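> missing the sequence, but the structure's below:
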C-alpha cells in the first residue's frame, strides 16, 4: 500500500488547506444531500449517510450545516439536485486517474474536467478504461504509537479486516477491509482504544506507477487542479511519488 500512502499523505494535507477555505464543508454538504435524497434522513436506515456523517464529524462541520444539507436532500428545504458522475483518464507518466463529481450541470462539468486534463498534459478516457485498476475499500489510518501489527490484527480480525500494513513515513498502520465492513472495523478500533487518524471509503489501486522528476510535478499539478474544481468530490490515482517530490511540489 506504499503508493497509496503517498497519495493519502497529499490528500490529507490538501484537505487541511481546503478546510480553511470552506471547500471541505461544501463537498461534505453535497454528499449529505445526495445520501439523504437516495436513502432518507435516518442514519440507522441509511449506511451511506452514516458514513458521510462520520466524515462531517471528523471535519468539525457545524451541526446546523449538517442538518440543512440533509433537509435539502429530503426536500424539507429547497436545494439543488446533484448528479453523480465519474470521469476517467491518464496523467503524465501514464498514471491512471479517476475523478468523482457531484454536479447540477453534467455537460459543464464534463467539459471543464476534460479541459483540466488537456491543460495539465493528461487525457480523458472512456468509461471503464481505468476503473478496473482500482478496488473499493474501507480504509483506516491508525496512529502507530507503541502497538504492533499483530496486536491490532487480533482485536479487529473478527470485524472483517483484509489487510494491515505499517507505513513508516507517516507512522500509521494502514488497515483495509471490504466496504460493507466499514462500520464494524471502525467500531472495533474505537472500542480497542486506537487513535483513528483518518477513515473513509476509497478506491485503492491494485498496483502503482513510480513517477519522478518533471513527470512527478506534472502529475501533482494535474491532481491539484482537479481537486480544486468545485464539482469534484474525490480524485484517485495509482502514482507512487516520493515524499521528497511531494514536499518540493507543495513548497513551490
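Noted; the coordinates are in hand. As the structure is a prediction and not an experimental result, all values here were calculated from the model. Numbers count the residues shown, from 1 in each chain.
> okay, CA-based contacts and neighbour counts for the rest of this
Will do.
> As a check, name the ranges of all helices in this protein.
Here the chain has its helices, by DSSP state H, at 2-21, 23-39, 47-58, 63-74, 106-119, 149-156, 182-191, 213-228, 243-250.
> which helices and strands does the fifth one pack with?
What that stands for is helix 106-119. Using 3 or more CA pairs under 8 Å, 6 or more residues apart in numbering; DSSP states H and E as the contact definition, the elements that helix 106-119 packs against are strand 83-90, strand 123-125, helix 213-228.
> List the neighbouring strands of the second one plus their orientation.
Neighbouring strands of strand 123-125 in its sheet, by DSSP bridges, are strand 83-90 (antiparallel).
> Residue 163 contacts residue 173, doesn't it?
No: using CA atoms under 8 Å, residue 163 makes no contact with residue 173, being 10.1 Å away.
> ok, these two, which is more surrounded?
residue 173 (23 against 13; other CA atoms under 10 Å).
> Who is the more buried one paired with across the strands?
Where residue 173 sits in a bridge, its partners, by DSSP bridges, are residue 142, residue 166.
> Let me see the contact set for residue 201.
Counting by CA atoms under 8 Å, 6 or more residues apart in numbering, residue 201 touches 136-139, 179, 182.
> Which ones among those map onto strands?
136-139 (DSSP state E).
> Could you export those residues to TSV, including columns for pLDDT?
Compiled in TSV, these are given as follows (pLDDT from 0 to 100):
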residue	pLDDT
136	92
137	92
138	92
139	90
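> filter these to the buried ones?
Neighbour counting by 16 or more other CA atoms under 10 Å classes 137-139 among the ones in strands among the contacts of residue 201 as buried.
> Surely residue 207 is in contact with residue 133?
Yes: applying CA under 8 Å, one finds residue 207 in contact with residue 133, separated by 7.4 Å.
> So these two - more neighbours on which side?
Using other CA under 10 Å, the more surrounded residue of residue 207 and residue 133 is residue 133, with 18 against 15.
> which residues touch that one?
Taking CA under 8 Å, 6+ apart, one finds 96, 205-207 in contact with residue 133.
> which of these count as buried?
Buried, going by 16+ other CA under 10 Å: 96, 205, out of the contacts of residue 133.
> Out of the contacts of residue 133, which is nearest to residue 38?
Closest approach between the contacts of residue 133 and residue 38, by CA to CA: residue 205, at 27.7 Å.
> So what pairs up with that closest one in the strands?
Bridge pairing for residue 205 - DSSP bridges - gives residue 134.
> From residue 115, how far off is it?
For residue 205, the distance to residue 115 equals 24 Å [CA to CA, to the nearest Å].
> one step back: quickly check the contacts of residue 133 for the two that are furthest apart.
96 and 206 (11.2 Å).
> picking up where we left off before, out of the helices and strands packed on helix 106-119, which is closest to residue 24?
The nearest among those, by CA to CA, is helix 213-228 at 10.7 Å.
> how about residue 80, phi and psi?
Dihedral pair for residue 80: phi -80, psi 140, per degrees, to the nearest 10.
> where does the protein dip in pLDDT?
1-21, 146-147, 252 (pLDDT under 70).
> tell me the domain ranges of it?
Split into domains by automatic domain parsing, the chain comes to 2-74, 83-132+207-243, 133-205.
> gap between the longest one and the chain center?
Put simply, domain 83-132+207-243 sits 13 Å off its chain's centre (CA atoms, centre = their mean, to the nearest Å).
> mind checking the end-to-end distance for it?
35 Å.
> how close does residue 127 get to residue 104?
When residue 127 is compared with residue 104 (using CA to CA), they lie 20 Å apart.
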